[in-house]
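>>> What follows is a predicted protein model with its sequence.
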Amino acid sequence: MSIVLTDVSKAFGSHRAVDGVSLDIGDGEFFVVLGPSGCGKSTLLRLIAGLEPLDGGTIRIGGRDVAGPRLHLPPEARNVGVVFQSYALWPHMSVAGNVAFPLQTAGLAGAEVARRTADCLATVELGAFAERRPADLSGGQRQRVALARCLAQGARTILMDEPLANLDPHLRGAMEEEIAAFHRASGATTLFITHDQREAMALADRIAILWQGQILQADAPDVLYSRPADARVAGFIGRSTIVSAVVTGVYGPRARVDVFGQTFEMSCSVGTGTGPARVVVRPEQVRIAGEGAIETVIERATYRGGHWEALGRAQGSDQPILVNVPHKVSVGEVLPLAFEAGWVLPVGGHG
Ligand SMILES: Nc1ncnc2c1ncn2[C@@H]1O[C@H](COP(=O)(O)OP(=O)(O)OP(=O)(O)O)[C@@H](O)[C@H]1O
């Protein structure tokens with residue numbers, strides 16, 4: 001079901017944890033809210049789930065108002081499933097018991113409960129673990145039980161609060177696959193919150209960047225990466241160099257840009273004007289060039305598997321440049337660099 005937030009706010013004392021958030025999440029979409037610790041992600045999720053009353057704005061789920069002025073539907077009336085970081089399984093029940101519980105409370109007959117429980121456990125590949133207790137499972141398996149319980153609830157909307165945060169890195173990758181498969185199988189609208197940009201990129205149809213309670217930008221992962229709205233988004237998604245430049249000409253979505261005394265062509269948003277600007281250049285957009293390029297002194301080089309990522313400074317400048325180099329480079333080496341592409345940050349962007 002769709003989730004529509006209009007100007008939603010929530011304060012704790014004088015602290016605006018969620019500050020005028022508007023979002024339109026489509027039916028069946030996998031939507032990730034990404035932001036640093038304390039930016040208001042969990043509060044936003046709790047407002048949608050109905051675990052917290054809001055101060056202002058409205059929330060609609062599946063076309064129905066669930067929260068707004070003088071309106072607060074309780075969590076159980078919103079038909080949303082919630083998966084928390086801490087799994088929230090009942091320790092005294094078996095795996096099957098945990099999954100069956102919402103079906104039993106919905107008043108289904110015993111045979112139907114057993115059949116649907118078995119189906120849900122099969123979907124998350126835990127059929128063989130039905131009689132185990134949660135304590136006897138791995139973290140990833142417990143997370144899958146929580147997913148199966150959401151499936152059993154029949155929730156068309158699933159909210160996930162950093163469900164992979166407690167898992168080992170190798171298990172996280174596998175669980176990402178599982179969550180993506182679960183989303184495909186269930187077709188449920190999924191709102192997933194995380195502070196891990198790699199996880200967000202791997203899962204999302206769209207990502208919203210939340211910063212001090214406000215949405216900076218909501219777009220597909222590739223758009224956030226290639227056309228960030230401001231320096232904070234550019235810094236949060238992927239690795240980049242942001243340098244001062246002067247735009248000397250604009251031709252639709254392309255701009256001619258002077259950087260470090262050289263002229264390059266970059267992308268820009270419609271309405272970009274000429275004059276001083278800042279440009280975002282990703283390490284893979286920097287190439288080693290010949291004569292007349294930006295002479296750059298390498299200060300650090302890190303092996304990133306298949307290539308080295310080097311950090312340098314253009315001679316006579318204090319602005320750093322990140323570049324991917326296919327061969328080993330040494331500190332102190334001077335590389336002639338050129339920008340093959342880049343993005344002119346829209347004027348008015350913060351940071
Ligand atoms: N019940 C509360 N009372 C007072 N302040 C709160 C309460 N809940 C959250 N906050 C504050 O609101 C802000 C947002 O908290 P929230 O838990 O939503 O952030 P978050 O982005 O989920 O962070 P993290 O990634 O660290 O979990 C924080 O500054 C937090 O201290």
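Received it, and whenever you're ready, just let me know what you need. Being a predicted model, the structure only gives us computed values, none of them experimental. Numbers count the residues shown, from 1 in each chain.
>>> Which residues outside stretch 127-144 are in contact with it?
83, 87, 89-96, 98, 117-118, 121, 124-126, 145, 163-164, 166-168, 171, 174-175, 178 (CB atoms under 8 Å, 6 or more residues apart in numbering). From N, CA and C alone the C-beta is placed, and that goes for glycine too.
>>> at 7 Å what do you get?
For stretch 127-144, contacts defined as CB atoms under 7 Å, 6 or more residues apart in numbering pick out 87, 89, 91, 94-96, 98, 118, 121, 124, 126, 145, 163, 166-167, 171, 174-175, 178.
>>> Summarise which helices and strands the biggest helix by length in the chain is packed against.
For the chain, the longest helix by residue count, based on DSSP state H, is helix 169-186. Helices and strands touching helix 169-186, as assessed by 3 or more CB pairs under 7 Å, 6 or more residues apart in numbering; DSSP states H and E, comprise helix 139-153, helix 197-203.
>>> Point out where the stretch 151-300 of the chain drops to low pLDDT.
For the stretch 151-300 of the chain, applying pLDDT under 70 flags the ranges 167.
>>> Among the contacts of stretch 127-144, which lie within helices?
Among these, DSSP H puts 95-96, 98, 118, 121, 145, 171, 174-175, 178 in helices.
>>> for the longest helix of the chain, which positions count as buried?
Neighbour counts over helix 169-186 (16 or more other CB atoms under 10 Å) mark 171-172, 175-176, 178-179, 182-183, 186 as buried.
>>> quick check: domain ranges of the protein?
The chain breaks down into these domains under automatic domain parsing: 3-231, 239-344.
>>> which of those domains sits most buried?
domain 3-231 (a mean of 18; mean count of other CB atoms under 10 Å).
>>> so how far does it reach from one end to the other?
One end of domain 3-231 to the other measures 28 Å (CA to CA, to the nearest Å).
>>> and if you look at stretch 303-312?
15 Å.
>>> do stretch 36-50 as well
End to end - CA to CA - stretch 36-50 spans 23 Å.
>>> what does the longest helix of the chain rub up against?
30, 123-124, 139-140, 143-144, 147, 151, 164, 167, 190, 199, 202-203.
>>> now do 8 Å
Here helix 169-186 makes contact (CB under 8 Å, 6+ apart) with 30, 123-124, 138-140, 143-144, 147, 150-151, 158, 160, 163-164, 167, 190, 192, 199, 202-203.
>>> same question, stretch 310-323
Stretch 310-323 has contacts (CB under 8 Å, 6+ apart) with 239-241, 243-244, 260, 281-283, 286-288, 294-302, 309, 324-325, 329, 334-335, 337.
>>> And for stretch 20-32?
Residues outside stretch 20-32 that contact it (CB under 8 Å, 6+ apart): 1-9, 44, 57, 62, 180, 183, 187-194, 199-200, 203-208, 210, 213-215, 218.
>>> do that again at 6 Å, thanks
For stretch 20-32, contacts defined as CB atoms under 6 Å, 6 or more residues apart in numbering pick out 1-9, 183, 187, 189-192, 200, 203-207, 215.
>>> hang on, the earlier thing: following the longest helix of the chain, which helix or strand shows up next?
Going down the chain from helix 169-186, the next helix or strand is strand 189-194, by DSSP states H and E.
>>> So what angle separates the directions of that following strand and helix 169-186?
160 degrees (axes from the mean of the first three to the mean of the last three CA atoms, to 10 degrees).
>>> Just give me how far strand 189-194 sits from the chain centre.
Distance of strand 189-194 from the chain centroid (CA atoms, centre = their mean, to the nearest Å) equals 8 Å.
>>> Show the secondary-structure elements that it is packed against.
strand 30-34, strand 157-161 (3 or more CB pairs under 6 Å, 6 or more residues apart in numbering; DSSP states H and E).
>>> OK, contacts around the residue nearest the centre of the chain?
When CA atoms, centre = their mean is applied to the chain, the residue found nearest the centroid is A200 (3.3 Å). With contact set as CB under 6 Å, 6+ apart, A200 has these partners: 32, 34, 194, 207.
>>> Could you give the bridge partners of the last one?
With DSSP bridges applied, the residues forming beta bridges to I207 are V32, D219.
>>> Assess the claim that it and L34 are in contact.
Yes - at 5.3 Å, I207 and L34 qualify as touching, with contact defined as CB atoms under 6 Å.
>>> what subset of the contacts of stretch 310-323 is also close to the ligand?
Checked against the ligand using CB under 6 Å from any ligand atom, the contacts of stretch 310-323 yield no neighbours at all.
>>> Out of the residues you listed, which sit inside strands?
241, 243-244, 281, 286-288, 294-302, 309, 324-325, 334-335, 337 (DSSP state E).
>>> Just the pLDDT at G342, thanks.
With respect to pLDDT, G342 has a value of 96.
>>> let me fix that: G349
Looking at G349, the pLDDT reads 50.
>>> which residues does the nearest residue to T43 once chain neighbours are set aside contact?
Once flanking residues are discounted, T43 sits nearest to A17: 4.3 Å by CB to CB, 6 or more residues apart in numbering. A17 sits next to 10, 40, 43, 213 when contact means CB under 6 Å, 6+ apart.
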